[in-house]
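1. need a structure here:
(one chain, ligands or ions: 1)
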Amino acid sequence: MSTAAAAPGRAPADGIAARARGLTKAYGSGETAVLALDSVDVDIARGRFTAVMGPSGSGKSTLMHCLAGLDTVSAGRVWIGDTEITGLKDRELTRLRRDRIGFMFQSFNLIPTLDALENITLPMDIAGRKPDDEWLDEVIDTLGLRDRLGHRPSQLSGGQQQRVACARALASRPELIFADEPTGNLDSRAGLEVLGFLRDAVDSLGQTVVMVTHDPGAAAHSDLVLYLADGRIVDEMEHPTAEAVLERMRLFAGGSPQSPGLEVVRDRFDGDGVAVEEA
Ligand SMILES: Nc1ncnc2c1ncn2[C@@H]1O[C@H](COP(=O)(O)OP(=O)(O)OP(=O)(O)O)[C@@H](O)[C@H]1O
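-> The predicted model follows:
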């Protein structure tokens with residue numbers, strides 16, 4: 001299924017930020033081989049917030065890693081903007097990731113010995129690039145980090161650490177931000193804050209964000225939800241609400257009960273509904 005993260009009712013997306021064709025990823029070989037991605041075609045529209053959802057093991061992280069050049073593909077082709085990244089040498093890939101992509105992870109991935117400001121500017125320091133001070137100030141103020149810049153990660157709350165990670169991802173104005181469960185380690189209030197910042201980055205700054213999440217409430221902040229199951233994109237939803245996302249997940253769970261991993265979805269989202277109420 002080919003899909004484009006352009007939402008009707010909004011200005012048309014200015015191009016495609018990332019693209020995959022026939023993206024296939026297998027782990028292992030022989031009888032133990034796992035097909036994590038099965039010939040995925042996807043277009044990620046520039047200036048949009050795309051969420052990737054699906055049961056545990058459906059291939060969400062693998063898709064993100066392959067789109068971001070963090071993992072090699074078994075077959076198929078991947079582009080960041082107009083640059084085909086499949087086939088790039090490790091050094092070229094490292095440079096492309098450093099210069100053109102921002103990352104956020106569930107575990108923040110901050111350097112403990114550096115203070116917040118040093119963490120924020122680290123990717124640019126490594127690249128030997130001087131930050132745009134005006135832009136850096138705007139990012140720091142937008143994320144409310146001004147009075148925390150001299151603090152090390154251990155002196156910050158989880159929410160503040162993720163805001164630092166968000167600032168780090170935004171600081172170099174990357175073409176794309178990939179966020180893998182960025183709210184997974186946060187309480188609902190801190191999670192909402194981080195999602196608000198990502199939403200704002202898309203709306204005010206034209207940033208492109210791709211976020212993997214299990215949480216319908218988090219997905220509701222996106223423009224488009226892509227649903228993965230068994231390594232394929234099986235559905236998509238524009239202008240998602242937490243309730244609609246939850247309903248769609250229930251439909252999948254009820255629609256093919258034999259699919260591996262769907263019990264996890266049912267358990268997680270069909271129980272007390274906490275994930276939805278947090279939205
Ligand atoms: N390094 C690896 N070696 C072997 N199999 C792997 C590896 N990484 C992922 N897989 C398998 O690939 C499939 C997709 O994994 P992936 O982590 O992309 O799923 P996911 O949807 O992100 O899951 P979760 O929601 O639990 O994080 C799973 O069956 C997983 O076990």
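
2. Which residues does stretch 181-192 contact?
-> With contact meaning CB atoms under 8 Å, 6 or more residues apart in numbering, stretch 181-192 is reached by 104-108, 157-159, 162, 165-166, 194-195, 198, 211-215, 217-218, 278. Heads up, the C-betas are built off the backbone N, CA and C, glycines and all.

3. How about the residues of the protein by the ligand?
-> In this structure, the chain approaches the ligand at residues 27-28, 34, 36, 54, 56-62, judged by CB under 6 Å from any ligand atom.

4. can you name the two of those residues that are farthest apart?
-> The widest separation within the residues of the chain next to the ligand, taken as CB to CB, falls between Gly28 and Gly54 and amounts to 20.6 Å.

5. still on that earlier bit, please flag which of the contacts of stretch 181-192 sit within helices.
-> The helices in this structure, assigned by DSSP state H, contain 158-159, 162, 165-166, 194-195, 198, 217-218 from these.

6. ok, which pair from these is furthest apart?
-> The most widely separated members of these, counting by CB to CB, are Ala165 and Gly217 (19.8 Å).

7. quick revisit: so which of Gly28 and Gly54 has more stuff around it?
-> Per other CB atoms under 10 Å, whichever of Gly28 and Gly54 has more neighbours is Gly54, with 28 against 10.

8. Flag the shaky bits of this protein, pLDDT-wise.
-> Counting by pLDDT under 70, the ranges of the chain that qualify are 1-14, 254-279.

9. Show me where it has its strands.
-> Listed from the start of the chain, the chain has strands (DSSP state E) covering 16-27, 34-45, 49-53, 75-80, 83-84, 101-105, 176-180, 209-212, 224-229, 232-238.

10. Dump these into TSV; add mean neighbour count as well.
-> TSV is the format used below for the strands of the chain (neighbours: other CB atoms under 10 Å):
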stretch	mean neighbour count
strand 16-27	20
strand 34-45	21
strand 49-53	28
strand 75-80	18
strand 83-84	13
strand 101-105	23
strand 176-180	25
strand 209-212	27
strand 224-229	24
strand 232-238	18
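
11. thinking again about what came up before, mind giving me TSV with the ones in helices among the contacts of stretch 181-192 and columns for neighbour count?
-> Formatted as TSV, those follow (neighbours: other CB under 10 Å):
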residue	neighbour count
Gly158	17
Gly159	19
Gln162	29
Ala165	25
Cys166	26
Val194	23
Leu195	26
Leu198	25
Gly217	23
Ala218	29
